[in-house]
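Student: Curious how this folds, go ahead:
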Amino acid sequence: MSSLLKKLLEAITGEDNQTIEPAYLWWALSVLVGLGLEVYSVVAGKPFDLQAYGLGVGALLVGAGLGKKVGA
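Tutor: Prediction:
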């Protein structure tokens, strides 16, 4: 496995580097989607507010985390 892939897996796994942490995975997916939308908007010539997107996704992730904590 390449060292880049190992580093990427370290970013989304827990302390044992085997178990995928859901919070890290959702964070990584949110960042990738945000960057993808930013690139798309530049290519398409449409406006996109990455800061507003980040606040919205952050609020959703916090709400999901609180919901899981309260529901447990």
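Student: tell me which element the residue nearest to the spatial centre of the chain is part of?
Tutor: Geometric centre of the chain, nearest residue: Trp27, 2.4 Å, by CA atoms, centre = their mean. Trp27 is part of helix 22-44 when elements are defined by DSSP states H and E.
Student: quick one: average confidence on that helix?
Tutor: Averaged across helix 22-44, pLDDT comes to 90.
Student: So which elements touch that helix?
Tutor: helix 3-12, helix 50-71 (3 or more CB pairs under 8 Å, 6 or more residues apart in numbering; DSSP states H and E). All C-beta spots, glycine's among them, are computed from the backbone N, C-alpha and C.
Student: Tell me which of the ones you listed lies nearest to Gln18.
Tutor: helix 3-12 (9.1 Å; CB to CB).
Student: List the contacts of Pro47.
Tutor: Ser41 (CB atoms under 8 Å, 6 or more residues apart in numbering).
Student: circling back: now do the residue nearest to the centre of the chain against Tyr53, distance only.
Tutor: Computed as CB to CB, to the nearest Å, the Trp27 to Tyr53 distance reads 14 Å.
Student: Please apply the same query to Glu10.
Tutor: Taking CB to CB, one finds Glu10 at 26 Å from Tyr53.
Student: The two: who's more crowded?
Tutor: Ranked by neighbour count (other CB atoms under 10 Å), Glu10 and Tyr53 place Tyr53 first, with 15 against 11.
Student: got the contact list for stretch 55-67?
Tutor: With CB under 8 Å, 6+ apart as the test, stretch 55-67 has contacts from Ala23, Trp26, Trp27, Ser30, Gly34.
Student: would you turn those residues into TSV with distance to Val70?
Tutor: Shown next, in TSV, are these (distance: CB to CB, whole Å):
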residue	distance to Val70
Ala23	16
Trp26	18
Trp27	21
Ser30	22
Gly34	27
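Student: Would you write a PyMOL line that selects the buried entries of those?
Tutor: To isolate the buried ones among the contacts of stretch 55-67 in PyMOL, judged by 16 or more other CB atoms under 10 Å, type:
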select buried, resi 26+27+30+34
